[in-house]
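K.L.:
how would this look folded up:
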Amino acid sequence: MNKQHEPLIRLAKRDGMSAKKVWAIRLSSFLVAILMGALIFLLMGNNPISAYGAILTGSLGKKTAIRQTVKIAVPLLGTALAIAPCFKMRFWNIGAEGQITAGAMAASYFALFWVDKIPGPMLLVVMGLAGALAGALWALIPAFFRAKWGTNETLFTLMMNYIIIGIVRWLKGGPWEGRPGSQIIPNFDKAAVLPKVFGVHCGWIIVLMLVVLIYVYMNYTKHGYEISVIGDSVNTARYAGMNVGRIMMRTMCLSGGICGLVGFMVASGANMTLSDTVAAGAGFTAITVAWLAQLNPFAMIVISLLLGVLQKGADTLQTRMAVPTSISDIITGIFLFCMLGCEFFINYKIIFRSKHKEVSQ
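P.N.:
Predicted structure coming up:
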């Protein structure tokens, strides 16, 4: 007799779950995150109710706070939209940080050296186009190597982040340095700064337009259909006559172009100068935004704003309640962990070994 040995615990993909149960799991995960955060505050000797109140009032309590929250959410949303087509295609673009930096660098060149040669409104257009083009070209490099020689795009795009950041650091201390020895690039002229709408640079309008465009592109165009087929099966795409390498390069150019546009918006609208930290981690955090939204552009709006609230509120905790930066980061990490974890339980179920063993003769 041969006994069939089952593992103690195994995972199985769910066939489907009702919308009511899905949202119940998501709400439960959010409540768990709140309780875990409250425990952290208690261990630190802070009142959890006061701490959460400080987060909300610090991010949404005043008009200025709301504007800062939106300003944080804009690059997160823009970058999440950029990487969504790549992820749907199963091309893991981890180089958004570098593509944002490349776009910001190209836009800054025109802001610093062409401000007297191009009229104001046209200068902003040129800066935006230069940023998008630079981001697209920077993203095209790993896509070409993947399409031509099958290189690992995850490592390739990740390493390229450090290259472009190193170039900006060289510019800071060399050709683009303002006052000698300052290691700072001069601030942009007013003509090279994005105008504000309702107190926030108009980049928020651009990313909202991109939400609609990316949604239509991914769901209602031939290119979007090709991306879906490649994401499901590369062999099927090739059998259908699709040029997989060309589609990969085209999609990465689109992704890098949007990232470069985000770099332009951050440099021109928020920082008004160029630095090696222009991306500020948005390229990595946006991966979480995209996955939590399940690559749905409209859901990305809500998640980006939520992360903006957490980040701005965490800054308020440091100033009002003298909470260390590390604790604020832990609270943000707990929320992200629980939000990502709930998607696991939505898509998979845990099966424990049955007490009755099956025996085959």
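K.L.:
buried set for stretch 209-224?
P.N.:
For stretch 209-224, a neighbour-count test (16 or more other C-beta atoms under 10 Å) marks Leu210, Val211, Ile214, Tyr215, Tyr217, Met218, Gly224 as buried. In short, each C-beta sits where N, CA and C put it, glycine included.
K.L.:
list the contacts of that stretch.
P.N.:
77-78, 81, 84-85, 88, 227-228, 247, 250-251, 258, 295-298, 300-301 (C-beta atoms under 8 Å, 6 or more residues apart in numbering).
K.L.:
so Ala279, which of the three states?
P.N.:
Recorded secondary structure, Ala279: coil (DSSP: H, G, I helix; E, B strand; the rest coil).
K.L.:
please apply the same query to Ala12.
P.N.:
Assigned by three-state DSSP, the conformation of Ala12 is strand.
K.L.:
what about it, distance to Tyr348?
P.N.:
7 Å (C-beta to C-beta, to the nearest Å).
K.L.:
comparing the two, which shows the higher neighbour count?
P.N.:
More neighbours surround Tyr348 than the other of Ala12 and Tyr348, with 12 against 9 (other C-beta atoms under 10 Å).
K.L.:
which residues does that one contact?
P.N.:
The contact partners of Tyr348, taken as C-beta under 8 Å, 6+ apart, are Leu11, Ala12, Lys13, Arg14.
K.L.:
now do the strands in the protein.
P.N.:
Ranges of strands in the chain, per DSSP state E, are 2-3, 9-13, 196-197, 200-201, 348-352, 359-360.
K.L.:
pLDDT below threshold where in this structure?
P.N.:
Across the chain, the ranges flagged by pLDDT under 70 are 1-6, 353-361.
K.L.:
what is the neighbour count of the residue lying closest to Ala130 once chain neighbours are set aside?
P.N.:
Spatial nearest neighbour of Ala130, excluding adjacent residues (C-beta to C-beta, 6 or more residues apart in numbering): Ala106 at 4.2 Å. Ala106 is flanked by 27 other residues according to other C-beta under 10 Å.
K.L.:
quick revisit: dump the contacts of Tyr348 to a markdown table, plus distance to Thr277.
P.N.:
Below are the contacts of Tyr348 laid out as a markdown table (distance: C-beta to C-beta, whole Å):
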| residue | distance to Thr277 |
| --- | --- |
| Leu11 | 39 |
| Ala12 | 44 |
| Lys13 | 40 |
| Arg14 | 41 |
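K.L.:
out of these, which is nearest to Ala143?
P.N.:
Lys13 (30.2 Å; C-beta to C-beta).
K.L.:
name the residues linked to the closest one by a beta bridge.
P.N.:
Assessed by DSSP bridges, Lys13 has beta-bridge partners Tyr348.
K.L.:
can you verify my assumption that it contacts Ile350?
P.N.:
No: using C-beta atoms under 8 Å, Lys13 is not in contact with Ile350; the gap is 11.7 Å.
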